[in-house]
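In: What follows is a predicted protein model with its sequence.
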Amino acid sequence: MSEHDVQREVSELQAKSATAARIFDLRRIIGGLFVLYGIIVTIAGINPSDATLDKAEGVNINLWTGLGMLVLGIFFLLWLKMRPTPPPAPEVTPGEEPTE
């Protein structure tokens, strides 16, 4: 295996690593779960029963919690969109010049 082949494989692995880092960004996971659960809880709070309102002393807690979860989830997803994960900087060993 020549040095050129090794460098090509290293660059391919770095590209795959950067893609995996973007896919598994915690902001995407947290934002997606908060949006999903926020939709479910908001739907549950749209038409509350009298017993549910009595338990919460007249406050439609499911509706307000669901809306809060939706806002937080959308915030995380917007944050991900506005500031995406930067690709990792290429590692340079001493004596080499960075290739750009």
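Out: Nice, I can see it.

In: ok, then the element right after the helix or strand harbouring residue 4?
Out: Assigned by DSSP states H and E, residue 4 belongs to helix 3-23. Next helix or strand after helix 3-23 toward the C-terminus (DSSP H and E): helix 26-46.

In: average model confidence for that next one?
Out: Mean pLDDT, computed over helix 26-46, is 95.

In: Would you mind pulling up the elements that it packs against?
Out: If contacts are counted by 3 or more Cβ pairs under 8 Å, 6 or more residues apart in numbering; DSSP states H and E, helix 26-46 sits against helix 61-82. For glycine as for every other residue, the C-beta is placed from the backbone atoms N, C-alpha and C.

In: Compute the inter-axis angle for the helix it packs on and helix 26-46.
Out: 150 degrees (axes from the mean of the first three to the mean of the last three Cα atoms, to 10 degrees).

In: Not counting helix 61-82 itself, show me its contacts.
Out: 25, 27-28, 30-46, 48, 52 (Cβ atoms under 8 Å, 6 or more residues apart in numbering).
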